[in-house]
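Participant: Got a sequence here, can you model it:
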Amino acid sequence: MNLRHATLHQLRIFHAVAQHGSFARAAEALHLSPPTLSLQVKQLSETVGQPLFEQLGKKIYLTAAGRTLAGACEDIEARMERLGEDLAALQGVERGSVKLAILTTVKYTVPKLLGGFCAAHPGIDVAMVVGNREKLLQRLAGNEDDLYIMGQPPEQMDVVSEAFADNPLVLVAPPDHPLVGKKRIAPERLRSEPFILREPGSGTRLTSEKFFADHGITLKNRLEVGSNEAIKQTVAGGLGLAVLSAHTVTAELALGELVQLDVRGFPLIRRWHVVVPRGKRLSAAAQAFKDWLFTHR
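Facilitator: Numbering: from 1, shown residues only. As a prediction, this is how the structure comes out:
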């Protein structure tokens, strides 16, 4: 066995088969013909000196040697990615790529900053994923992105977080609500009011529930809605009140579709955080965008 005869091309093909669990799907993903892909895997298996896959029925499974090689392939892929970042860094921050994962609520602010960054650094490719808190935590656990922007950093993960901007939460109502125009409304007056809430685990929901719990109030949950846009429409339709980021309701307040209630203790001030796994080394491009966030916040 002489693994020096194995090529990067063969290792990438094998890794694709291992990830897809299928020769056909791997061939499709790599734009290779199935016979070509099978031949490369066969040659790699001969180089290793052991079978890499075994077939049971219609499914294929990694052998012990295959699992060991798959782990090595992941290490090689990570090292090659770091090599690309290092080479890009030698050319300055005008080349490279940044992968962002941002909370749904942040899409009202960060893309504007991102636009300015891209204009200033046209050679940097940026990919952005928008999702709820649960999705971001899953991606963070898998280290799928360079930077994560969220309201409440996860306490159960080993991460480094830095606050870079305020995120005030306001309490909104439909324009014809009886409390519209009232001053210094006591939180206790909202005890019987129906609320439209985000899904469990949402940072906005956790913050608002804690505020009212501190006043001895359990929110009356009328509906759980998975997006801010749907919540705004539901509140405007008169189905209840909601606590939302002020950044998400600027247009609706200006148009009179929603009204901000003057409740004592509001707005609730939260912060936006940039979060990365502890020990993660940022590429020059990712560090440049992080610096841009803090400079232009």
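
Participant: who's in contact with stretch 99-112?
Facilitator: Contacts with stretch 99-112, where a contact means CB atoms under 8 Å, 6 or more residues apart in numbering, come from 114, 126-133, 135-136, 139-140, 144-151, 165, 167, 203-204, 227-228, 245, 247-248, 250, 272, 286, 289, 293. Bear in mind the C-beta positions are built from the backbone N, C-alpha and C, glycine included.

Participant: For PyMOL, write the selection for the buried entries among those.
Facilitator: The PyMOL selection below is limited to those of the contacts of stretch 99-112 classed as buried (16 or more other CB atoms under 10 Å):
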select buried, resi 114+126+128+130+131+132+133+136+139+140+145+146+147+148+149+150+151+165+167+203+204+228+245+247+248+272+286+289+293
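
Participant: So in the protein, where's the weakest helix or strand by average pLDDT?
Facilitator: Per-element confidence for the chain was summarised using mean pLDDT, DSSP states H and E. The lowest value among helices and strands belongs to helix 64-90, with a mean of 84.

Participant: after it, next one along is what?
Facilitator: The first helix or strand that comes after helix 64-90 along the chain, using DSSP states H and E, is strand 96-103.

Participant: avg pLDDT for that following strand?
Facilitator: Here strand 96-103 scores 89 as its mean pLDDT.

Participant: low-confidence ranges in the protein?
Facilitator: Applying pLDDT under 70 to the chain picks out residues 1-2, 85, 88-94.

Participant: Tell me the strands beside the top strand by length along it, with direction?
Facilitator: With secondary structure taken from DSSP state E, the chain has its longest strand at strand 159-173. Looking at strand 159-173 with DSSP bridges, its partner strands are strand 242-245 (antiparallel), strand 259-260 (antiparallel), strand 268-277 (antiparallel).

Participant: list the buried ones in that strand?
Facilitator: Counting neighbours by 16+ other CB under 10 Å, the buried set in strand 159-173 is 159, 161, 164-165, 167, 169-173.

Participant: How far off centre is it?
Facilitator: Centroid separation between strand 159-173 and its chain, computed with CA atoms, centre = their mean, to the nearest Å, is 16 Å.

Participant: what angle do it and strand 96-103 make?
Facilitator: Direction vectors for strand 159-173 and strand 96-103, defined by axes from the mean of the first three to the mean of the last three CA atoms, to 10 degrees, enclose an angle of 40 degrees.

Participant: Just the CA trace of strand 159-173, in CSV.
Facilitator: As requested, the backbone C-alpha atoms of strand 159-173 are provided in CSV (Å, rounded to 0.1, in the frame of the first residue of the first chain):
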residue,chain,number,x,y,z
VAL,A,159,-18.4,30.5,21.3
VAL,A,160,-16.9,34.0,21.2
SER,A,161,-19.5,36.8,20.8
GLU,A,162,-19.2,40.6,20.5
ALA,A,163,-22.1,43.0,20.6
PHE,A,164,-22.0,45.6,17.8
ALA,A,165,-25.4,47.3,17.8
ASP,A,166,-28.6,47.9,19.7
ASN,A,167,-31.7,46.0,18.8
PRO,A,168,-34.7,47.8,20.6
LEU,A,169,-37.9,45.7,20.9
VAL,A,170,-41.2,47.6,20.8
LEU,A,171,-44.8,46.6,21.5
VAL,A,172,-47.1,47.2,18.6
ALA,A,173,-50.8,47.1,18.1
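
Participant: Can you name the next helix or strand after that strand?
Facilitator: With secondary structure assigned by DSSP H and E, strand 159-173 is succeeded by strand 194-197.

Participant: Which elements pack onto that following strand?
Facilitator: Counting contacts by 3 or more CB pairs under 8 Å, 6 or more residues apart in numbering; DSSP states H and E, strand 194-197 is packed against strand 220-224, helix 228-236, strand 242-245.
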